[in-house]
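Visitor: Turn this into a structure:
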Amino acid sequence: MRYEKIPRLVALALLLLLVQLSWLETPTPVSASPAPSATILEWVLPTAVSYPYGILVHSGKIYFTEDKGPMIGSLDLSTNTVKEWAVPTATPDLRGMAIDQGKVWFTEWAANKIGRLDPSANTFTEWKIPTSNSQPWFLTVYGGKVWFTEYGGKKIGRLDPSTNKISEWSTPGGIPRPLGIAMDSSGKVWFTRRPDVEGGYGKISRFDPSANTFKEWTLPDANTDPKQIIISADGKVWFTEFSFNRIARLDYLTNKLTEWPVPKAGGSTAGPEGIVEDAMGNIFFTEKLDKQIGKLKPKGGTTRTLMTASKVVTPVNYFSYPASKTVTPRSRSVTPTSSTVPSTMSGRFTEWNVPTTIGGAPTNIFTQDGTTFYLTDFLANKIAQFRPQYTFTEWKFDVWDVPFGDREHQMVVYGGNVYFTADLENRIGRLDPSTNKITQWIVPTSSSYPIGIAVYGGKVWFTEKTGNKIGRLDPSTNAFTEWTIPTSSSGSEGVAVYGGKVWFTEWGSNRIGRLDPSTNAFTEWTIPTISSGPEDIAVYGGKVWFTEKTGNKIGRLDPSTNAFTEWTIPPASSEGSRLWSIAVYGGKVWFLLGGPYSDKIGRLDPSTNALTMWTITSGYWLCDLAVYGGKVWLTEVEVVAPGWADGWVSKLYPTGGSVTTVTPVFNTRSPTYATKIPAARIAAPVTTTVKATKTDVTGSITGSFTRWAVPERPFPTGEVAAPGGGEVWFTAIQGWEDSTERIIGMLG
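Guide: Here you go, the predicted model:
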């Protein structure tokens, strides 16, 4: 934990304590009435260990998912026949389901798919979700589009089957996982979010697709586990609280949460999970652990007021990759300090010692005019302005403000502002030197590790190394757009924009990538040298130049011919060199051999294959370079001890040097393109006749609750459905995944 965050955490804990104390109210007493009797009908399914999960009622038939079938089943009440369709994908782990215009939609939790069955044509269609391990759980259909929760991906997804387009919105915060989902009459999406860390807080969330706005209500108790969710006829939001054994209702107009504790018949909790409203306004629910069906007449209860928060985001689209996400930046002012530092001469080098000598490590350097330079200092946590004829000016930031992480972060200057990536804290930052104001935006994809950065047309482009995306920020609107790179675990690092197209290196997949934002098209070229470690990148004259850090080469790609040219750079020592930064100026390619065993600056003339090298005598690590007016500027760092470094800015007058000739190697590599379409398959159903068993049960009543024990005590799981007419349908199993009882039940 960062020590700087402790005061904030203490303040937050006190605030939450005060808010929770303000919520405490006395429950309204409820008088009991005689418990009604009811009849439970059960149909034992023909498929062994089917594990029924989702359920819905349509046109006199009961449709259900068989998780361990894996099948989609249909029970015809007029004939007591069960029809089953085997899902084409092996081990999909079927979960939720919905129906629209006679077609049955379902989620494939383990296969990462949305499926659709057309019972009239016996046709399956499946769409692969772009986010890996998204784990779709529940879904609903509204306006011809399918909405679903991504439990593993922490996203809300939407499939438009008319265009085969999947859009995804990352849920705010990134820690609670979405689970249940429902739509209200205005087309807004409601869903539950379960905490996936001990001590986390569950949430009730609403997403407005027309405005791309998330609004969330944080539940007041830590470790609350909200499961299924429905919107009642009067517009209230109902959901089950599994871990706290409650039925809850949210009035979002007043932010009031009302809860009813479910009576416990056996263990410490009844385990309410599925929930549904009947035509009379009664709330029915399944008790997974007590193996009962419960009914709540919504009177009384304990009421508390919830805290809310709003955020605006837009989706990542499957075929048209981008996602526009709007976040509110935080701005703070910092006061700079200035100091004059004399220079020293060593051969062709002039050096200035950076004022911060304890904890200082200047890495990145950037200039637009050759007279004013900007540096980032990741140990001293500063941004510095350096004017060789005048002074160093440094803006010292709190670790909470500018957490650079390590030397991988980068920066660029545009319009007088310094833009930078804060890799470990997942932010894009901007310093306005004229006002001393720093502004930061949190990247929507959590833990994306932004590294490379470039500005083109007023918009900030960046790579997300672990997020596997190319990101764009429009500072004028605070809007983020992200494109998922087709190659998984690409490890994107350097980025450059040329002619409106975005070029980037893929460290993890050994490729050079290009994104055309106007068409959302990705093109990727595999570098001929295996495991070359492409890092920095530059575009000059329509050709793409890059360093191969572990391949020890300078590479060039001509995208018009798909031709690669590589020049091998002689290693500086037995340990090998480390090609880091690259710059192209006047047709010449400049680069650094950095690291503890290399202290050289190189220049390659591709027209003559002449390689010129200069050795700097300081023995420091070379980190970054900038070229202007034929002169080369670079940063140097000497690590004195952990957290303690000595830093320098140096200028090279590029005369003399050691000159050799290197012979390039030519290769051609065809690019690859990613295309993804849904798979349509036909599966003939199997029809079986089953008999219903009838059991009369007497309900028990506690407060506002009436409960009926399910015969033979199977586990009511998954979902419940109330088609009207006073019937409640549910799925049940006798044990866990090795169950031999497969039951569809009706309470009426």
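Visitor: Listing request: residues of the stretch 301-450 of the chain with sub-threshold pLDDT.
Guide: 310-349, 351, 355-362, 378-381, 389-391, 396-409 (pLDDT under 70).
Visitor: tell me the SS of the residue nearest to Asn133 when sequence neighbours are not counted?
Guide: Leaving aside its chain neighbours, Asn133 sits nearest to Gly152 (4.6 Å; criterion: CB to CB, 6 or more residues apart in numbering). Bear in mind the C-beta positions are built from the backbone N, C-alpha and C, glycine included. Classification of Gly152 using DSSP: H, G, I helix; E, B strand; the rest coil returns coil.
Visitor: from what I can see Gly152 touches Gln135, true?
Guide: Yes. The criterion here is CB atoms under 8 Å, and Gly152 meets it with Gln135 at 3.4 Å.
Visitor: between those two, which one's more packed in?
Guide: Gln135 (22 against 18; other CB atoms under 10 Å).
Visitor: Phe285 versus the more buried one, what's the distance?
Guide: 24 Å (CB to CB, to the nearest Å).
Visitor: my guess is Gly281 contacts Pro298, does it?
Guide: Yes. Assessed by CB under 8 Å, Gly281 is found in contact with Pro298 at 7.3 Å.
Visitor: what about those two, which has more around it?
Guide: Just comparing Gly281 and Pro298: by other CB under 10 Å the higher neighbour count belongs to Pro298, 18 against 11.
Visitor: returning to that earlier point: now do the residue nearest to Asn133, the pLDDT please.
Guide: Gly152 carries a pLDDT value of 91.
Visitor: i'd like the first residue to be 39 from this point on
Guide: Got it, first residue is 39 now, which makes that one Gly190.
Visitor: Spit out the contact partners of it.
Guide: 171-173, 215 (CB atoms under 8 Å, 6 or more residues apart in numbering).
Visitor: Can I get the residues you listed in CSV including secondary structure and distance to Ala492?
Guide: Output for the contacts of Gly190, formatted as CSV (DSSP: H, G, I helix; E, B strand; the rest coil; distance: CB to CB, whole Å):
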residue, secondary structure, distance to Ala492
Asn171, coil, 30
Ser172, coil, 30
Gln173, coil, 34
Arg215, strand, 34
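Visitor: which two in the residues you listed are spaced the farthest apart?
Guide: Asn171 and Arg215 (12.0 Å; CB to CB).
Visitor: So the two - more neighbours on which side?
Guide: Legend: neighbour count by other CB under 10 Å for Asn171 and Arg215, higher for Arg215 (22 against 11).
Visitor: beta partners for that one?
Guide: With DSSP bridges as the criterion, Arg215 is bridged to Arg232.
Visitor: And Ala747, by the same measure?
Guide: Using DSSP bridges, the bridge partners assigned to Ala747 are Gln330.
Visitor: isn't it right next to Gln330, touching?
Guide: Yes. Using CB under 8 Å, Ala747 is in contact with Gln330, at 5.0 Å.
Visitor: of those two, who's got more company?
Guide: Comparing Ala747 with Gln330 by other CB under 10 Å, the one with more neighbours is Gln330, at 25 against 18.
Visitor: do you know how far the more buried one is from Gly309?
Guide: Shown here: Gln330 relative to Gly309, a distance of 10 Å by CB to CB.
Visitor: same check, this time on Asp114
Guide: Counting by CB to CB, the separation of Asp114 from Gly309 is 31 Å.
Visitor: So for those two, which residue has more residues nearby?
Guide: Set Asp114 next to Gly309 and count neighbours by other CB under 10 Å: Gly309 wins out with 25 against 16.
Visitor: how near is that one to Thr340?
Guide: 20 Å.
Visitor: CA atoms of stretch 249-257 as PDB?
Guide: Coordinates of each C-alpha in stretch 249-257 appear next as PDB, following Å, rounded to 0.1, in the frame of the first residue of the first chain:
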ATOM      1  CA  ALA A 249     -26.700   8.700 -23.100                       C
ATOM      2  CA  ASN A 250     -24.000   6.100 -22.400                       C
ATOM      3  CA  THR A 251     -24.400   6.900 -18.700                       C
ATOM      4  CA  PHE A 252     -23.900   4.600 -15.800                       C
ATOM      5  CA  LYS A 253     -25.500   5.400 -12.400                       C
ATOM      6  CA  GLU A 254     -24.800   3.200  -9.400                       C
ATOM      7  CA  TRP A 255     -26.200   2.800  -6.000                       C
ATOM      8  CA  THR A 256     -23.700   1.300  -3.500                       C
ATOM      9  CA  LEU A 257     -25.200  -1.100  -1.000                       C
END
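Visitor: Hmm, Thr163 is touching Phe144, no?
Guide: No. Counting by CB under 8 Å, Thr163 stays clear of Phe144, with 11.2 Å between them.
Visitor: can you count the residues close to Ala271?
Guide: 11.
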